[in-house]
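# here you go, sequence then predicted model.
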Amino acid sequence: MIEKIISGVTIECVKGDIAKQPDITAVVNAANAWLKPGGGVAGAIHRAAGPGLEEECRPLAPIKPGQAVITGGHNLPNRYVIHCLGPRWGIDKPEDKLLADCYRNALKLADEHKIDSIAFPAISTGIFGYPVEEAAKVALKTIKEVIPTLKYIKKIRFVLHSDRDLTVHEKVLASL
């Protein structure tokens, strides 16, 4: 695990399962527009949270790329789930702005709810096809820009699914 402290906020990268982060207050779901269970991150979070999460999500959908909404954590070990719809690579334009909006809006919602720790997956890098290195650069650059405006968040964790994704995110974090 690598970590870096920026303006009193610890940013760390770990390999693991986003639905198994018991020391984190809010996890971020790489959601689909209808906030339904799916594959990848959305599937893992919905399976772990149970059917109450889908029920709570129903009136909040649909959301647009870059948007974020918040729900309870249900059966997850986390108090909250923040759902973000990332851009589909080559389809939703401009991809970099929409992806940055996901991170910016998730952090803003977390701070509004006085959340002290948040875990992100690599939004849009799965079925949505965003190249991992470009996505990591957008994500970490955006987080670095937003940190000075945050009042409550003290820990930001990236939970990556593969060794390759972890290595890429650690390299980008180290270069900040």
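Yep, it's here.

# can you pull out the strands in this protein?
Here the chain has its strands, by DSSP state E, at 2-6, 9-15, 26-30, 68-72, 80-84, 117-120, 155-160.

# wait, which of those strands is closest to residue 90?
Set against residue 90 and scored by Cβ to Cβ, the strands of the chain come closest in strand 26-30, at 17.2 Å. In this view, the C-beta of every residue, glycine as well, is placed from N, C-alpha and C.

# picking up where we left off before, tell me the most buried of the strands of the chain?
Mean neighbour count (mean count of other Cβ atoms under 10 Å) peaks for strand 26-30 among the strands of the chain, with a mean of 28.

# so what are the sheet partners of it and their directions?
Partners of strand 26-30 in the sheet, by DSSP bridges, are strand 80-84 (parallel), strand 117-120 (parallel).

# select, out of the strands of the chain, the one closest to residue 92.
So among the strands of the chain, strand 80-84 is nearest, using Cβ to Cβ, at 12.7 Å.

# got the angle for the closest one vs strand 68-72?
Angle between the axes of strand 80-84 and strand 68-72 is 160 degrees (criterion: axes from the mean of the first three to the mean of the last three Cα atoms, to 10 degrees).

# related to what we said a few turns ago, any chance of the strands of the chain in TSV, plus mean pLDDT?
Listed next are the strands of the chain as TSV, based on pLDDT from 0 to 100:
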stretch	mean pLDDT
strand 2-6	93
strand 9-15	98
strand 26-30	98
strand 68-72	98
strand 80-84	98
strand 117-120	98
strand 155-160	98
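
# would a markdown table of these with distance to residue 100 be doable?
Formatted as a markdown table, the strands of the chain follow (distance: least, Cβ to Cβ, whole Å):
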| stretch | distance to residue 100 |
| --- | --- |
| strand 2-6 | 17 |
| strand 9-15 | 16 |
| strand 26-30 | 14 |
| strand 68-72 | 12 |
| strand 80-84 | 11 |
| strand 117-120 | 13 |
| strand 155-160 | 15 |
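
# so which of these is nearest residue 128?
Per Cβ to Cβ, nearest to residue 128 of these: strand 26-30, 7.9 Å.

# distance from the chain centre to that closest one, please.
Strand 26-30 sits 5 Å away from the centroid of its parent chain (Cα atoms, centre = their mean, to the nearest Å).

# what's it in contact with?
Contact partners of strand 26-30, identified using Cβ atoms under 8 Å, 6 or more residues apart in numbering, comprise 18-19, 21, 40-42, 45, 70, 73, 76, 78-84, 86, 106, 110, 113, 115, 117-124, 126, 128, 159.
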